[in-house]
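**Q** got a predicted structure here, sequence first:
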Amino acid sequence: IGHFLKEIWMKELVDNKERKIDIRPYISKATLDIIGKVGFNYQFNSLTSESELASAYHMLIINNTGKLLNNIFGFLSNYFQMFHKLPLKYNYVIKEASKIIEKESSKLVNEGSEKAKQGNLQGNDILSVLIKKNEEEKDNEKMSFDELKYQIMTFLAAGHETS
């Protein structure tokens, strides 16, 4: 992924007369591809194609970083639930991006669970280990589908927050 990212930047520099590029979208996409490969044994291909998941993170991270008003509303919405209900662009972006991230996380859990049922779930990535260990639990101790999905969503968010 790193070498491919370098190739993209080199091409961008050749095509760009100013010899300047905004690397933030590329870093976000590369991060997503790395998380997909290492964490879920899954190819998001964010660097090579338009990915709905990459677009969702772009909406959340790139479009909302550094905007004072968004930071204020984000902070206040943690303490006052009414802020989530206000018809603000900030709330719309959060809701739309969250829907996409939840949908993609559900897809990952569904595909992993289906592979486990067929006996084809291999690998030591986080998703595979989580599903395998969950299958070994007693029925009353297993994580529900939603709990598995939220674990994946948390891992995706944590990976983006730290990069």
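**A** Alright, I've got the coordinates. Numbers count the residues shown, from 1 in each chain.
**Q** where exactly do the helices run in this structure?
**A** 2-15, 24-40, 52-57, 68-79, 89-117, 126-136, 145-161 (DSSP state H).
**Q** is it possible to get JSON lines of those helices that adds distance to residue 46, mean neighbour count and mean pLDDT?
**A** C-beta: built from backbone N, CA, C; applies to glycine. As requested, those are exported to JSON lines (distance: least, Cβ to Cβ, whole Å; neighbours: other Cβ atoms under 10 Å; pLDDT from 0 to 100):
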{"stretch": "helix 2-15", "distance to residue 46": "11", "mean neighbour count": "11", "mean pLDDT": "86"}
{"stretch": "helix 24-40", "distance to residue 46": "4", "mean neighbour count": "19", "mean pLDDT": "88"}
{"stretch": "helix 52-57", "distance to residue 46": "4", "mean neighbour count": "20", "mean pLDDT": "85"}
{"stretch": "helix 68-79", "distance to residue 46": "23", "mean neighbour count": "13", "mean pLDDT": "71"}
{"stretch": "helix 89-117", "distance to residue 46": "11", "mean neighbour count": "17", "mean pLDDT": "91"}
{"stretch": "helix 126-136", "distance to residue 46": "17", "mean neighbour count": "16", "mean pLDDT": "92"}
{"stretch": "helix 145-161", "distance to residue 46": "12", "mean neighbour count": "16", "mean pLDDT": "87"}
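**Q** tell me the spacing between residue 115 and residue 125.
**A** Separation of residue 115 from residue 125 (Cβ to Cβ, to the nearest Å): 12 Å.
**Q** and if you look at residue 56?
**A** For residue 56, the distance to residue 125 - Cβ to Cβ - is 21 Å.
**Q** cool, residue 150 as well?
**A** Distance of residue 150 to residue 125, given as Cβ to Cβ: 18 Å.
**Q** which residue is the nearest non-sequential neighbour of residue 53?
**A** In this structure, residue 53 finds its nearest non-sequential neighbour in residue 104, 4.6 Å apart by Cβ to Cβ, 6 or more residues apart in numbering.
**Q** who's in contact with that neighbour?
**A** Residues in contact with residue 104, defined by Cβ atoms under 8 Å, 6 or more residues apart in numbering, are 52-53, 56.
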